[in-house]
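1. whatever this is, show me its structure:
(chains A and B)
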Amino acid sequence: MPLLPFFEWLDHTGASDMLRNSQVLYTSIEIIHLLGFALLVGTILIVDAGLLGIGMRRQPVLRIAEGLAPWTWGGFVVMALTGPLLLSSQALKCYHSRVFWTKMALLLLAVIFHFTVHRQAISPDRARIGPIRARLTGGLSLTLWVATAVAAKWVEFA
Amino acid sequence: MSILHFCQWLENTPVGVAVRQSVWLFPIVETTHTVGIALMAGTIAVVDLRLLGFGLRREPVGAVLRQVLPWTWAGVALMFATGALLVSSEAVKLYNSLFFRIKLALLFVAAVNAVIFHWTVYRQAAKWDQASSTPARAKLAGLLSLTCWIGIIAMGRAIGYETK
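-> Below you'll find the predicted structure:
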């Protein structure tokens, strides 16, 4: 696999050594990663709830999504910064872990879905998409993000 | 019966033994507990951030709160159910854990804070609900809640690294 050299390099960076040697540092970064998760998936969940038609009935989904977007992004940035750090401390182990690649594949799918189908479903010019499509979009989005999170947790146990 | 005795009893209940000894049960319950953070803490954080005036300013606080609340309650139910199972599997370890004690204390503070907020400041919400800026006491409640939940998540993660 062409990515192996990258993972080998990641495994030998100064950051990875620091993280491997300090339980406090590793745990702290993991906690920040987890807080980013609460923000990212928590806000997406609220939008998806609107699409699913469970709660959020009085506010148009678009307005909620627009209002929450900065926090969704905030959560995403926090996760994107801390994730590679955590990865660096066990890059080779992850490289050889099927669960890790499952997580990455799910993450990629979730992100692509978020910026294509999901974005379309909440955009103003598509305000009149049918309730079935809205529900499907909300349900699928929720499934992809939760599946990514479950796979992430599973990396620990694998 | 002391709390320690209760913990010893809890650990030896069939449920506690099952969660502890099963290869799959503990990971499944813990994963559900972790993913539930988004449901409970995520939705609470949205309300807290609105109280603090960061974002969603166009939506009345009451509207945000009412619509998010069913999800928060679902999250609470999920977290307490899975949390109780996790506790039962290692009750004595947790009894001796400083992180777990801090977590419980923070949960208590978060709960009291929420109750006080709902019974006092939020009662007069009609007066400030529509404004983009909230009263100082509402901001304080939001800040305290956010701080508690960050601490609760941090302590929860830290417990996982504590040696038995």
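2. A:V155 versus the residue in chain A that chain B sits nearest to, what's the distance?
-> Closest residue of chain A to chain B, Cβ to the nearest Cβ: A:G42 (1.5 Å). In short, each C-beta sits where N, CA and C put it, glycine included. Distance of A:G42 to A:V155, computed by Cβ to Cβ, to the nearest Å: 21 Å.
3. which non-adjacent residue is nearest the residue of chain B found nearest chain A?
-> Residue nearest to chain A within chain B: B:G42 (1.5 Å; Cβ to the nearest Cβ). Of all residues beyond its chain neighbours, the one nearest B:G42 is A:G42 (1.5 Å), with distances taken as Cβ to Cβ, 6 or more residues apart in numbering or on different chains.
4. and the residue lying closest to B:Q130 once chain neighbours are set aside, its phi and psi?
-> Distances taken as Cβ to Cβ, 6+ apart put B:P60 closest to B:Q130, at 5.4 Å, once the chain neighbours are dropped. Backbone geometry at B:P60, expressed as degrees, to the nearest 10, gives phi -60, psi 140.
5. B:N12 too?
-> Dihedral pair for B:N12: phi -100, psi 10, per degrees, to the nearest 10.
6. neighbours of A:L85, how many?
-> When neighbours are counted by other Cβ atoms under 10 Å in any protein chain shown, A:L85 registers 20.
7. and it, what does it touch?
-> Applying Cβ atoms under 8 Å, 6 or more residues apart in numbering or on different chains to A:L85 gives the contacts A:A15, A:L19, A:I29.
8. can I get whichever strand or helix holds the second one in CSV? Just the C-alpha atoms.
-> Read it as A:L19. Element membership for A:L19 (DSSP states H and E) is helix A:14-21. This file holds the C-alpha atoms of helix A:14-21, laid out as CSV (Å, rounded to 0.1, in the frame of the first residue of the first chain):
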residue,chain,number,x,y,z
GLY,A,14,8.4,13.7,17.7
ALA,A,15,4.7,14.2,18.5
SER,A,16,4.1,10.4,18.5
ASP,A,17,7.0,9.8,20.9
MET,A,18,5.7,12.5,23.3
LEU,A,19,2.2,11.0,23.2
ARG,A,20,3.4,7.5,23.8
ASN,A,21,5.5,8.6,26.8
